[in-house]
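[1] Structure for the following, please:
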Amino acid sequence: MAATTASGAIAGFFSYVILAAAAAAAGFNAPTVSFSDGFSHLFGNDNLIRAADDRSVRLTLNRYSGSGFISTDLYDHGFFSASIKLPKDYAAGVVVAFYTSNGDLFPKNHDELDFEFLGNVKGKDWRIQTNIYGNGSTTRGREERYLVPFDPTEAAHRYSILWTPDYIV
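    Below you'll find the model as predicted:
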């Protein structure tokens, strides 16, 4: 019975990620690219909605699929930012993630910088997991979980990674 309830709740579940790189990068005087010029779909094409100016996208989730995309370029470092609003409804088993990875180039020995919002039961505190993987392992990085000290379902909040040649913030 619980699976039926969860499926019904997820059917109405609506989450989105707005990539607001243009607005975020403006404060750092960083160049931006349109979605068409800088990214390609990975999956869930019907769940990716482009803004009229092609500078941001909205990702949705239904009972069959979410959505994902990948950069068409490679980066040694940069400023990466996403504006994320999490769902109010039952989302156990769903992970909303914003991350960088070179796994397509180094599938057995890759690096990652992650923000992962772990699935949630309505009314409970959300948890965020941050990961830094070096050479495909947390032994060359770290993984931490935190309770989110605000309600991430009320409004979109910005999550950013500043990656310079010398440090990662």
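[2] how long is stretch 39-49 end to end?
    Terminal residues of stretch 39-49 lie 13 Å apart, using C-alpha to C-alpha, to the nearest Å.
[3] what about the strands in this protein?
    16-18, 39-43, 48-50, 57-59, 68-71, 78-85, 95-101, 112-118, 127-134, 137-147, 157-163 (DSSP state E).
[4] which of these has the lowest average pLDDT?
    For the strands of the chain, the weakest mean pLDDT is recorded on strand 16-18, namely a mean of 35.
[5] that older thread, now tabulate the strands of the chain in CSV and tack on distance to T32 and mean neighbour count.
    All C-beta atoms are positioned from the backbone trio N, CA, C, and that covers glycine. Formatted as CSV, the strands of the chain follow (distance: least, C-beta to C-beta, whole Å; neighbours: other C-beta atoms under 10 Å):
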stretch, distance to T32, mean neighbour count
strand 16-18, 14, 21
strand 39-43, 12, 13
strand 48-50, 14, 15
strand 57-59, 13, 18
strand 68-71, 12, 15
strand 78-85, 10, 20
strand 95-101, 16, 17
strand 112-118, 19, 18
strand 127-134, 24, 17
strand 137-147, 28, 11
strand 157-163, 14, 16
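[6] Now distance to V33 too, for those, in a markdown table please.
    Conversion of the strands of the chain to a markdown table gives the following (distance: least, C-beta to C-beta, whole Å):
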| stretch | distance to V33 |
| --- | --- |
| strand 16-18 | 16 |
| strand 39-43 | 8 |
| strand 48-50 | 13 |
| strand 57-59 | 13 |
| strand 68-71 | 9 |
| strand 78-85 | 11 |
| strand 95-101 | 16 |
| strand 112-118 | 20 |
| strand 127-134 | 26 |
| strand 137-147 | 28 |
| strand 157-163 | 17 |
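[7] mind listing what the residue nearest to D104 when sequence neighbours are not counted touches?
    Excluding the flanking residues, the one nearest D104 by C-beta to C-beta, 6 or more residues apart in numbering is I70, at 7.5 Å. For I70, the contact set (C-beta atoms under 8 Å, 6 or more residues apart in numbering) comprises 39-40, 42, 104.
[8] Many thanks, we can stop here.
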